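[1] need the 3D shape of this:
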Amino acid sequence: MGLFVGLGAGLLQGMTGFGAGIILMLYLPMLYTVTGSAAITGAISIVLSSFMVFQYRHFIEFKKVIKPTFLYMIVCTLTIMISSRISTSYLKKGLGVFLILLACYYLFFSKNKQEMKKTVAYFCIILSAICDGFFGIGGPLMVVYFMSKTKSQEEYLGCLQMFFLINCIYNTLLRIYRGILVVDYLPMILLGAIGIILGSLIAKRLLKYIDEDKMRKFIYIVIGISGLINVII
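    Here you go, the predicted model:
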């Protein structure tokens, strides 16, 4: 089952640049704790992000990646350190509502790609880091951030995955240090990693058939669905 879940996660992230964490976190909490599931998700995501960074390495603008990384790391560090001591159920539902509203705004009210204001950008980075620390799901808001900062589909995917790779490595090392990620999780990590690479390879073949405008709409629909899932579950 873990292999097929990883396949679906890789397919979604390969198409949209995010979503692997959402798919994995629907399945893993049935087997592990929420914090343990987030740790496994982060470790699996290193494999996928590394693979996608290699695929889109020629399109990465490192200045656009480094700027939000430091703030993200600081907030993630604090969140991971307190994650095992805080009830996150209300936060998760609040995140879900916010993602639904965000998706509706970009689908129905925002007609053009717009440069994100500085205060909104900081808000996206901080909230995304909090969600990553608690749930291993930091993608949706960083997607909105990088879509406003990049000029093409390839640059967007390259910059986003480079950002995820840096932070997934850092967060995984921190979770190992904190005793959250343990050796017992290794079989699931390996199984998920195999599935996620296969899904990513399939996604790359499909991507060339989708234009940028349709891709953008698809991404916002996925953000809305992820919000709905967070509210319901």
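
[2] tally of neighbours for residue 16?
    Neighbour count for residue 16, taken as other C-beta atoms under 10 Å: 25. For the C-beta atoms, the positions are set from N, CA and C on the backbone; glycine is no exception.

[3] check contacts around it.
    With contact taken as C-beta atoms under 8 Å, 6 or more residues apart in numbering, residue 16 is in contact with 143, 215, 218, 219, 222.

[4] ok, now residue 94?
    Contacts of residue 94 by C-beta under 8 Å, 6+ apart: none found.

[5] give me the element it is part of.
    For residue 94, the enclosing helix or strand under DSSP states H and E is helix 89-108.

[6] residue 50 - nearest residue in space that isn't next to it in sequence?
    Using C-beta to C-beta, 6 or more residues apart in numbering and skipping the chain neighbours, the partner closest in space to residue 50 is residue 165 (5.9 Å).

[7] helix or strand: which one has the one you found?
    Assigned by DSSP H and E, residue 165 belongs to helix 153-177.

[8] what is that helix packed up against?
    Of the remaining helices and strands, those touching helix 153-177 by 3 or more C-beta pairs under 8 Å, 6 or more residues apart in numbering; DSSP states H and E are helix 34-55, helix 62-82, helix 118-135, helix 139-149.

[9] alpha carbons of the first one, as PDB, please.
    Below are the C-alpha coordinates for helix 34-55, written out as PDB (Å, rounded to 0.1, in the frame of the first residue of the first chain):
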ATOM      1  CA  VAL A  34       1.100  12.700  13.500                       C
ATOM      2  CA  THR A  35       4.600  13.900  14.400                       C
ATOM      3  CA  GLY A  36       6.100  10.500  13.200                       C
ATOM      4  CA  SER A  37       4.100  10.700  10.000                       C
ATOM      5  CA  ALA A  38       5.400  14.300   9.400                       C
ATOM      6  CA  ALA A  39       9.000  13.000   9.900                       C
ATOM      7  CA  ILE A  40       8.500  10.100   7.400                       C
ATOM      8  CA  THR A  41       6.900  12.500   4.900                       C
ATOM      9  CA  GLY A  42       9.800  14.900   5.200                       C
ATOM     10  CA  ALA A  43      12.400  12.100   4.700                       C
ATOM     11  CA  ILE A  44      10.500  10.800   1.600                       C
ATOM     12  CA  SER A  45      10.200  14.300   0.200                       C
ATOM     13  CA  ILE A  46      14.000  14.600   0.200                       C
ATOM     14  CA  VAL A  47      14.200  11.900  -2.500                       C
ATOM     15  CA  LEU A  48      11.500  13.500  -4.600                       C
ATOM     16  CA  SER A  49      12.800  17.000  -4.400                       C
ATOM     17  CA  SER A  50      16.400  15.900  -5.200                       C
ATOM     18  CA  PHE A  51      15.100  14.100  -8.300                       C
ATOM     19  CA  MET A  52      13.100  17.100  -9.400                       C
ATOM     20  CA  VAL A  53      15.900  19.600  -8.700                       C
ATOM     21  CA  PHE A  54      18.100  17.500 -11.000                       C
ATOM     22  CA  GLN A  55      15.400  17.500 -13.700                       C
END
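
[10] ranking helices and strands of the protein by mean pLDDT, which lands last?
    Across the helices and strands of the chain, mean pLDDT, DSSP states H and E gives its lowest value to helix 89-108, namely a mean of 73.

[11] report the angle between the axes of that helix and helix 34-55?
    Helix 89-108 and helix 34-55 are oriented at 30 degrees to each other (axes from the mean of the first three to the mean of the last three C-alpha atoms, to 10 degrees).

[12] tell me the pLDDT at the residue nearest the centre of the chain?
    Nearest to the centroid of the C-alpha atoms of the chain, with distances taken as C-alpha atoms, centre = their mean, sits residue 139, at 2.8 Å. In this prediction, residue 139 carries a pLDDT score of 71.
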